[in-house]
Each structure stands twice: as C-alpha cells, then as structure tokens.
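Q: Need a 3D model of the sequence below.
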Amino acid sequence: MGGSRVRYDDTTLIRPSGTFSRKREKDNLAPLPLAGEGGPERSEGPGEGMTFLKDFVNVLSEASISFVLLSAIFIFIVYFNLLGGRLKSKAGYGFLGFGILLIVAGIFILPLLYLGIAYLILLFGLASLGPRLWDRKIGLRLFILGAIAFAVSMLDPNLFLIAAKGDNVPIVAMLFLVGFFLWLSMHQAITNDGRIAQGLKPMEASDGEADNRHIVGLGDDEAKVRVEHPEDEKDREKSQQAVPDAV
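A: Predicted coordinates:
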C-alpha cells in the first residue's frame, strides 16, 4: 500500500529520536537542542516586549477573563467614581484582597496572573481618580492614551489586516464612539447634578424652558381633564382674586 513519505529537514525545532538523529550524527552535525537545553541565547529586544504585550491582550480577551475584568471595571466605576468610595474602606480592602488572591493563584495558573495584574492596575487607577474621572482634562488624557494604544497596535501586520477590512472599520470606530459618548453623558450628568445642587438650571435648559410646561388639572365638578399653559393659570388666578376685591 503506497503512500507519501514525510521528509524532515534540518529546520526541525525539536530533536526527534531514531533514524533522523543517527543521520545527523553520520553527517557530523550537532544534535538539535531540546527546550531548556541551551542553544543560542535569544536577545531581549522590542520584539520580545511586543510578543508579551500581544500574549497579555490575548489572554484578557478570552471570554471568561474579559467577563470578570469588565464586571470589575463596572463595579469600580460605580463605587469609586460615582459614589465617591475610597480604597481605604471595607469595600476597598475587599477589592484589594481579591486582586492579591488572583496574583497568588496566577503562580499556578498563568491567565489568572495576567488578570490579577490588569485588575490591580484598574483598581488603583480608578480609585485614585475618583469623581475626577469625569473632568474634561482627564477625559482628554484618556482619549489620547487610547489613540496612542490603538496606533501602536496597528504596528502588528495581522491586526492591521483585520482592522482595515471594510466590514471591521465601523466596529473599530465604535470602540471610540461608545467610550466617548459614555464619558460625555456621565460628564453632563455630574455637571448638572452640581448645578441643581446650587439651585441652577441644567446646562441643556434654555431661559424659557422652565415656563414651557403644561399644567393638567381635573376639577371636582368637571368630567374632562383640563390642560392649561402657565399664562392661562396666572390669568385665571388674577380673575379669581379680582372677584373678592370687587365684592
């Protein structure tokens, strides 16, 4: 029964046993080193750092890992940036303890180590910002940081090939648009809360918006709902006050 033979050459990364090893000895060639047996030292350079960064992002992109990380971000934003919570509190110590637990577990399970590192970075970052997260200067810095990270990621040819496809361009744009409008809505909400606390109108309110309302009333002897403008209500009140004065 005929079949194709698999041909091995000298570029094999792992040293096989048997005929191939004897062939290398016959040709007076040194055996290929196994992993951890030495061999040429790999130089640490920008490529190594980029590889680590890609592995780091790939691990965090896994469904189970990203779910935990995004849930933690949501909780941190609500507690530190909306409710004004502090890291030196019972809840803060609980968040910190969970991050340390992830780091310890990451000694045995590498993805949990990456998760723990990202978790603690976000914890300390959001806790230190507090309500200042919604300030214009902080928002501008976050936007610039995101743009730089995106530009650096485009240096990877595979990622650039995927992101540059026509179907994926809107998805890439949504990453920035969703984040921007989420920050903008929270910025306006925090600003309006401060204005209302001072007795001022919201930023979106115009000068006549407070009087541009309808008053709905139903008298005791009326079968229909009465809808009036503020001016009509004022005129009616003046007429009712004029009757007792005339009497």
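Q: Walk me through the domains of the protein.
A: For the chain, whose domains are defined here by automatic domain parsing, the residue ranges read 51-130, 135-200.
Q: need those in a markdown table with mean pLDDT and mean neighbour count, can you?
A: C-beta here means a position set from N, CA and C on the backbone, and glycine is covered the same way. Formatted as a markdown table, the entries for those read as follows, by pLDDT from 0 to 100; neighbours: other CB atoms under 10 Å:
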| stretch | mean pLDDT | mean neighbour count |
| --- | --- | --- |
| domain 51-130 | 91 | 15 |
| domain 135-200 | 88 | 12 |
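Q: Do a quick rundown of the helices in this structure.
A: Under the criterion DSSP state H, the chain contains helices at 19-26, 46-60, 63-76, 90-106, 110-129, 136-153, 157-163, 169-197, 230-246.
Q: In JSON lines: those helices, plus distance to Leu82.
A: Shown next, in JSON lines, are the helices of the chain (distance: least, CB to CB, whole Å):
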{"stretch": "helix 19-26", "distance to Leu82": "64"}
{"stretch": "helix 46-60", "distance to Leu82": "24"}
{"stretch": "helix 63-76", "distance to Leu82": "10"}
{"stretch": "helix 90-106", "distance to Leu82": "13"}
{"stretch": "helix 110-129", "distance to Leu82": "11"}
{"stretch": "helix 136-153", "distance to Leu82": "14"}
{"stretch": "helix 157-163", "distance to Leu82": "32"}
{"stretch": "helix 169-197", "distance to Leu82": "8"}
{"stretch": "helix 230-246", "distance to Leu82": "35"}
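Q: For Leu83, which of those is the nearest?
A: helix 90-106 (9.6 Å; CB to CB).
Q: could you say what helices and strands the closest one packs with?
A: The elements that helix 90-106 packs onto, with contact taken as 3 or more CB pairs under 8 Å, 6 or more residues apart in numbering; DSSP states H and E, are helix 63-76, helix 110-129.
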